[in-house]
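Asker: Just to be clear, the model below is a prediction. Sequence and coordinates:
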Amino acid sequence: MRNFVKSVTSNRGSGQDVRVSFEFFPPKTPQMEATLADTISRLSPLNPDFVSVTYGAGGSTRDTTRKTLEAVIDTGNTPAAAHITCVDATRDEVDAVVRDFASMGIRRFVALRGDPAGGVGSRYQPHPDGYQNAAHLVAGLKAFGDFDISVAAYPERHPESPDFATDIDMLKRKVDNGATRAITQFFFDNDIYERFVERVRRAGIYIPIVPGIAPIHNFGSIRNFASKCGTNIPDWLSDRFEGLENDPHTHALVAAAVAAEQVFDLVDRGVNDFHFYTMNRPDLVFAICRLIGIRGDSAGELHAA
Ligand code: FAD
């Protein structure tokens, strides 16, 4: 069962060969902006592979995504990746954003379809003059330049997908068009991830399938979000957070332990790239990185002290 990646040697806690990337979203208020600035200065000294910034459907966050990308670029040492979506936008509109981000020096994109205005679960209609889906968008990006392109993958199937075959076929189209990395939807059951990677490999897809790890800042919120995305919440996970609604300190300790346990188990299974959904908050991700042996440079050590 453990033969889906080359190495099965445990290097837990050594940081050896383990790479991380972080995801931020554009802040909506001055207070959220200040929190994000703190998060960027706290996490960028950990020398992530890249830091990505989400992009709202229909270009709704175009300006704030740009501003957040600038803040990442300003750190001077962290490669920035721009998410880009194609839902509810013409091809010309999407291309204009890509051109603008490229003019800032962005060379990495996370190419996504995006969810329709009604949110997860509502019916997707491609824009008549737009990119039809993420595979089409990847081809459009590749026509622009030799960008590093990541795409989304779904260990528990995309909610709109009738079966795994449809989902994996779409992933294959994205890879055939030039994607070199897939980042997964968050999940908590590593066996599900492992089975998914096996299916993907059997379909002849060999790019890294980087697990998306969601540290749990608020169990109630993540459970709601998980039900919309089709992410399974195992009973053991619910049990661990039961009764901690009004005990934020213990909740944070349990959350760090849960995420570290998940990452350690994946390291034992041979995984060495991790993408963290930071929710723009530094503490849990910083703690987990230390546990897996990622210490970063001295600036991070001093800041963390
Ligand atoms: P696609 O790969 O185009 O399609 C997703 C699935 O839909 C396919 O796998 C397939 O099952 C089904 N499908 C699509 N077309 C067809 C077809 N013709 N026939 C049959 N089935 C089809 N959303 C944002 O708005 N902004 C972000 O910044 C953002 N970042 C994300 C980052 C990650 C790592 C992930 C996992 C998701 C992110 N999302 C973001 C959410 C994403 O936009 C949604 O999950 C969206 O519903 C699907 O996007 P996709 O790129 O996977 O779409």
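Answerer: Noted; the coordinates are in hand.

Asker: tell me the secondary structure for the residue nearest to residue 122 when sequence neighbours are not counted?
Answerer: Distances taken as Cβ to Cβ, 6 or more residues apart in numbering place residue 116 nearest to residue 122, at 4.8 Å, with adjacent residues excluded. C-beta coordinates here come from the backbone N, C-alpha and C atoms, glycine included. Following DSSP: H, G, I helix; E, B strand; the rest coil, the label given to residue 116 is coil.

Asker: In this structure residue 116 contacts residue 57, no?
Answerer: Yes - applying Cβ atoms under 8 Å as the test, residue 116 and residue 57 come out as touching, 7.3 Å apart.

Asker: what residues do those two have in common as contacts?
Answerer: Residues touching both residue 116 and residue 57 (Cβ atoms under 8 Å, 6 or more residues apart in numbering): 87-88.

Asker: any chance you could map the strands in the stretch 151-300 of the chain?
Answerer: 181-184, 209-210, 212-213, 273-277 (DSSP state E, counting those that start in this stretch).

Asker: mind putting the ones you listed in TSV, mean neighbour count included?
Answerer: As requested, the strands of the stretch 151-300 of the chain are arranged in TSV below (neighbours: other Cβ atoms under 10 Å):
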stretch	mean neighbour count
strand 181-184	22
strand 209-210	22
strand 212-213	22
strand 273-277	23
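
Asker: okay, the ones you listed in JSON lines with distance to the ligand and mean pLDDT next?
Answerer: Converted to JSON lines, these look like this (distance: least, Cβ to the nearest ligand atom, whole Å; pLDDT from 0 to 100):
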{"stretch": "strand 181-184", "distance to the ligand": "4", "mean pLDDT": "98"}
{"stretch": "strand 209-210", "distance to the ligand": "9", "mean pLDDT": "98"}
{"stretch": "strand 212-213", "distance to the ligand": "5", "mean pLDDT": "98"}
{"stretch": "strand 273-277", "distance to the ligand": "7", "mean pLDDT": "98"}
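
Asker: quick one: which of the ones you listed is nearest residue 27?
Answerer: Smallest distance to residue 27 across the strands of the stretch 151-300 of the chain (Cβ to Cβ): 15.4 Å, for strand 273-277.

Asker: partners of that closest one, with directions?
Answerer: strand 19-24 (parallel), strand 212-213 (parallel) (DSSP bridges).

Asker: Next, format the ones you listed as JSON lines and append distance to residue 106.
Answerer: Listed next are the strands paired with strand 273-277 as JSON lines, based on distance: least, Cβ to Cβ, whole Å:
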{"stretch": "strand 19-24", "distance to residue 106": "14"}
{"stretch": "strand 212-213", "distance to residue 106": "21"}
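
Asker: what's the closest of those strands to residue 102?
Answerer: Of these, nearest to residue 102 by Cβ to Cβ is strand 19-24, at 19.6 Å.

Asker: And the contacts of the helix or strand following the closest one?
Answerer: The C-terminal neighbour of strand 19-24 among helices and strands, as given by DSSP states H and E, is helix 30-43. The contact list for helix 30-43 (Cβ under 8 Å, 6+ apart) reads 22, 24, 27, 51, 68, 71-72, 75, 78, 278, 280-282, 285-286, 289, 300, 303-304.

Asker: do that again at 10 Å, thanks
Answerer: The contact list for helix 30-43 (Cβ atoms under 10 Å, 6 or more residues apart in numbering) reads 20, 22, 24-27, 29, 51, 53, 64, 67-68, 71-72, 74-75, 78, 276, 278-283, 285-286, 289, 296, 299-300, 303-304.
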